[in-house]
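Undergrad: For reference, the sequence and a predicted model appear below.
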Number of protein chains: 2
Amino acid sequence: MNYFSSDFKLGILGGGQLGKMMLYVTRKFDITTKVIDSSADAPSRIACDEFVQGDILDYDTVLEFGRSVDVLTFEIENVNVDALEKLEDEGKKVFPSSKTLRTIQNKATQKLFYLDQNIPTAPFSRFAYTSEIKTVLENDALKFPFVWKSARFGYDGQGVKVVRKVQDLENLPNVECIAEELIPFKNELSVIVSRNVSGEIKTYPTVEMEFHPEANQVEYVLCPARLPKHITDKAESVALQVSKAFQHVGLLAVEMFLTEEDEILVNEVAPRPHNSGHQSIEGNFTCQFEQHIRAILDLPLGNTESKVASVMVNLVGAENHTGDVVYKNIEQIMAMDGVTPHIYGKKQTRPFRKMGHVTIVDKDINKARAVAQSVKESIKVISK
Amino acid sequence: MNYFSSDFKLGILGGGQLGKMMLYVTRKFDITTKVIDSSADAPSRIACDEFVQGDILDYDTVLEFGRSVDVLTFEIENVNVDALEKLEDEGKKVFPSSKTLRTIQNKATQKLFYLDQNIPTAPFSRFAYTSEIKTVLENDALKFPFVWKSARFGYDGQGVKVVRKVQDLENLPNVECIAEELIPFKNELSVIVSRNVSGEIKTYPTVEMEFHPEANQVEYVLCPARLPKHITDKAESVALQVSKAFQHVGLLAVEMFLTEEDEILVNEVAPRPHNSGHQSIEGNFTCQFEQHIRAILDLPLGNTESKVASVMVNLVGAENHTGDVVYKNIEQIMAMDGVTPHIYGKKQTRPFRKMGHVTIVDKDINKARAVAQSVKESIKVISK
């Protein structure tokens, strides 16, 4: 199939910031795109060739959309997977596959998959309802503290809570969930693995993530991780093991914990461009969005190495601010060396909403990290 | 003015490939744009917020368009400059200014400006009509060979011809023109100077251009130029002198000859993102398109240094091919390390038409140049 021809059409489920950044690549390669999102103001509305407003959780909507394109991908896991499976049965190219997505969509299934595949992950118990946890606690079969995770639809730090006492369970939804041992860790790491339809595989360098303590959102991503080579090699090797287990097509972002004993445990994966890879736009020879497009269209994968060191800072809505967004001091951070803001184009801010990110590049990772701190302290995402 | 707000609108005259690449930046910063182009299939049609089909050489069209936006810029010099001047009189922000553009639009005026400003340039004579040249030749006041240049609307190698004998003049249009001494030169160089509204100035590294001998189009651009520092310093100093003379806002691409005596002569300038800066997308900390947007919106200028060495290859339509375009062997070049094709999205190819470009980056400029040669030898822009 000739992708560089207007006869071809790539469909993307979801028109958020990840889709928007994929569209930089499809524009560059002049690949025709069709995007569907439930919001008429979706960041991807502009820059796609065709935009459809619709519910990507609805079976019929996804089926109809999928039938109108040649290759189908998604920028968010929260899509109707039954429709993807039906489309595959009809012979449609869907990447990543419904099988990969189904395993990942449910965190309990994902964790069981790791056990099956001998992939190191934190010990956990699975529950059909949150209410069952109390019974288990009463029988001393589970110890505090642990991490409660909703099995489905966790996103942006929702659906995850550290539970230190019975009372912490009280406001949680009574849904399918897991209780995971709270592992003391030194670092959170991520490795993005790309794999194209033909099976060519390339990994991005291991990155190190620093989390916001309250919001459970990534605050800084550092590429490369400031860790010894034997550790990053181990992380890459575990990520490749996960990739091999899934046999995914496209990107697989593998988030891992580095324990105090230098053990690597897989936390969770995402089968798409990931927040831990945004800095690749400025930092790497091939950015993650281009690599995703290359992979799903079975084009040769690009070089994943870093050109320069990079740090990514998320721009999230400030607390106590809800309404029309203002990026206070954006001009100030643009005066700092190697700083590039990415504004997703969401018109309304609210506390901790992902509104954009800023990449800081420098030949020296420590210098980039210092500038990132200044960026973080300067720019504020507030309401008018 | 808050550019990062949907209340603001940036207008762009021309929707070709340069406008398209500017839109990568406005999308990244979420700056609202309105584009006008005579073609409904213009490469910028997608990715702008609003598209208008119209003739940018028409006074009333440009005036009306300009009145509907907050800041007006252009991606091509061939626009109605009287309308720009009228808009400025009405208080509209037009960058670059009508004054800068008027001087540049006419090559004879541009050359006279260099003389006035003591900017080194090749000796020339000015003619109201090409037919006058013959008279001068008969009087021995002009010597072969020389370069004939149409004063107006030269683009893509049209409007320029090396004249070695009287017969060479025969098929030239009888228009205002100049006859420029043919200077034997070792290299063609370019320096892009950026200057924002407040007068902040940054220059890009000197690049070296290799031209296609027949089509008079750039074939390879190399950044940095493989020349001694004292030469590139001199080129940057001359470029800064030109920038200072124009007091332009936005980019000014200064094309220069390096003579056999290591003298620098200004050939011509373009007040916009330029073919000799395309490789900055992959190669430099801040690409030329972002720098243009920063400059005209009076944002702080970005770092112009190279992250890695880069080479740019133009993708032009192959001879003997006219019609629906096919990019033969594009997958093959994408398998080469550090290679990024940019496809402009023009549906029809014709001989020597600019259809795209390819950037090749590597830490070593000589390695990048070698890969560029392979790219050039592999990919073909042909018709179906």
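TA: Received, thanks. Residues are numbered from 1 along each chain as shown, chains lettered A, B, ... in the order given.
Undergrad: How many neighbouring residues does the residue lying closest to A:Tyr24 once chain neighbours are set aside have?
TA: The spatially closest residue to A:Tyr24, leaving aside those adjacent along the chain, is B:Tyr24, at 5.8 Å (CB to CB, 6 or more residues apart in numbering or on different chains). (Glycine included, C-beta is placed from N, CA and C.) Residues lying near B:Tyr24 (other CB atoms under 10 Å in any protein chain shown) number 20.
Undergrad: Just list the residues touching B:Tyr24, thanks.
TA: By CB atoms under 8 Å, 6 or more residues apart in numbering or on different chains, B:Tyr24 lies in contact with A:24, A:27-28, B:47, B:281, B:289.
Undergrad: Looking at the residues you listed, which one is closest to B:Leu265?
TA: B:Phe289 (27.9 Å; CB to CB).
Undergrad: Just the element for that closest one, please.
TA: In this assignment (DSSP states H and E), B:Phe289 forms part of helix B:288-296.
Undergrad: Any part of the strand or helix carrying A:Met312 near chain B?
TA: Secondary structure assignment for A:Met312, by DSSP H and E: strand A:309-316. No - with CB under 8 Å from any CB of the partner chain as the criterion, chain B is not reached by strand A:309-316; the gap is at least 10.2 Å.
Undergrad: Give the pairing partners of the helix or strand just after that strand; include direction for each.
TA: As assigned by DSSP H and E, the chain's next helix or strand after strand A:309-316 is strand A:323-328. With DSSP bridges as the test, strand A:323-328 is paired with strand A:348-349 (antiparallel), strand A:380-383 (antiparallel).
Undergrad: Can you name the residues in contact with the helix holding B:Phe289?
TA: A:334, A:340, B:10, B:18, B:21-22, B:24-26, B:28-29, B:31, B:71, B:73, B:93, B:95-96, B:192, B:194-197, B:202, B:204, B:249-251, B:272-274, B:277-278, B:280-281, B:286, B:299-302, B:304.
Undergrad: Against A:Gly14, how distant is the residue most central in space within chain A?
TA: Nearest residue to the geometric centre of chain A (CA atoms, centre = their mean): A:His274, 3.2 Å. With distances taken as CB to CB, to the nearest Å, A:His274 is found 14 Å from A:Gly14.
Undergrad: now swap in A:Leu252 and tell me
TA: 17 Å.
Undergrad: again, but for A:Ile183
TA: Taking CB to CB, one finds A:Ile183 at 31 Å from A:Gly14.
Undergrad: the more surrounded of the two?
TA: A:Gly14 (23 against 17).
Undergrad: OK, contacts around that one?
TA: A:35-37, A:44, A:56, A:74-76, A:78-79.
Undergrad: same thing with A:Lys244?
TA: No contacts exist for A:Lys244 under CB under 8 Å, 6+ apart.
Undergrad: likewise A:Ala372?
TA: By CB under 8 Å, 6+ apart, the neighbours of A:Ala372 are A:220, A:311-313, A:358, A:360.
Undergrad: what does A:Val269 give?
TA: A:104, A:110, A:242, A:246, A:252-255.
Undergrad: let's go with 6 Å and repeat that
TA: Applying CB atoms under 6 Å, 6 or more residues apart in numbering or on different chains to A:Val269 gives the contacts A:252, A:254.
Undergrad: which residues pair with it across the strands?
TA: Counting by DSSP bridges, the residues bridging with A:Val269 are A:Val254.
Undergrad: Look up how far chain B lies from it.
TA: A:Val269 is 26 Å from chain B, where distance means CB to the nearest CB, to the nearest Å.
Undergrad: Then A:Thr340?
TA: Taking CB to the nearest CB, one finds A:Thr340 at 7 Å from chain B.
Undergrad: confidence score at A:Ala235?
TA: Per-residue confidence (pLDDT) for A:Ala235: 98.
Undergrad: Pretty sure it sits against A:Val191.
TA: Yes - counting by CB atoms under 6 Å, A:Ala235 does reach A:Val191; the two are 5.5 Å apart.
Undergrad: which residues are in contact with both of these two?
TA: A:Thr206.
Undergrad: List phi and psi for the closest residue to A:Ser68 other than its chain neighbours.
TA: Excluding the flanking residues, the one nearest A:Ser68 by CB to CB, 6+ apart is A:Lys34, at 6.7 Å. Here is the backbone geometry of A:Lys34 (degrees, to the nearest 10): phi -130, psi 130.
Undergrad: beta partners of A:Lys34?
TA: So, taking DSSP bridges as the rule, A:Lys34 has A:Gly11, A:Glu50 as bridge partners.
Undergrad: now it: how far from chain B?
TA: 12 Å.
Undergrad: What segments of the stretch 51-200 of chain A are helices?
TA: A:59-67, A:81-89, A:98-105, A:107-116, A:131-138 (DSSP state H, counting those that start in this stretch).
Undergrad: closest to chain B out of the ones you listed?
TA: Chain B sits nearest to helix A:59-67 of all those, at 19.1 Å, using CB to the nearest CB.
Undergrad: and the residue nearest to A:Ser68, what does it touch?
TA: A:9, A:11, A:50, A:69.
Undergrad: Residues in a beta bridge with A:Thr349, which ones?
TA: Bridge pairing for A:Thr349 - DSSP bridges - gives A:Gly323.
Undergrad: Can you name the residues that contact it?
TA: Contacts of A:Thr349 by CB under 6 Å, 6+ apart are A:317, A:321, A:325, A:355, A:381, A:383.
Undergrad: Pretty sure the first one sits against A:Arg350.
TA: Yes - in this structure A:Gly317 lies within contact range of A:Arg350 using CB under 6 Å: 5.1 Å.
Undergrad: Taking the stretch 101-250 of chain A, what residue is nearest to chain B?
TA: Closest point on the stretch 101-250 of chain A to chain B, by CB to the nearest CB, is A:Glu200, at 9.4 Å.
Undergrad: Can you tell me how far that residue is from A:Ala225?
TA: Where A:Ala225 is concerned, A:Glu200 sits at a distance of 24 Å (CB to CB).
Undergrad: Show me which of those two is the more surrounded one.
TA: A direct count of neighbours by other CB under 10 Å for A:Glu200 and A:Ala225 places A:Ala225 higher, at 22 against 15.
Undergrad: Could you confirm the more buried one falls within a strand?
TA: No - under DSSP: H, G, I helix; E, B strand; the rest coil, A:Ala225 falls outside any strand and is assigned coil.
Undergrad: Neighbours of whatever residue of the stretch 151-300 of chain A ends up closest to chain B, how many?
TA: Closest to chain B within the stretch 151-300 of chain A is A:Pro300: 3.6 Å, counting by CB to the nearest CB. Number of residues near A:Pro300 (other CB under 10 Å) recorded here: 18.
Undergrad: Apply the buried test to the contacts of A:Gly14 and list what passes.
TA: Using 16 or more other CB atoms under 10 Å in any protein chain shown as the burial test, those include A:35-37, A:44, A:56, A:74-76, A:78-79 as buried.
Undergrad: Rebuild those as TSV, extending it with pLDDT and distance to B:Lys376.
TA: Listed next are the buried ones among the contacts of A:Gly14 as TSV, based on pLDDT from 0 to 100; distance: CB to CB, whole Å:
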residue	pLDDT	distance to B:Lys376
A:Val35	98	35
A:Ile36	98	40
A:Asp37	97	40
A:Ser44	95	34
A:Ile56	97	43
A:Phe74	98	37
A:Glu75	97	35
A:Ile76	95	40
A:Asn78	93	45
A:Val79	96	42
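Undergrad: A:Ile192 and A:Val79, how far apart?
TA: For A:Ile192, the distance to A:Val79 - CB to CB - is 20 Å.
Undergrad: now swap in A:Ile333 and tell me
TA: The value you get for A:Ile333 to A:Val79, if CB to CB is used, is 34 Å.
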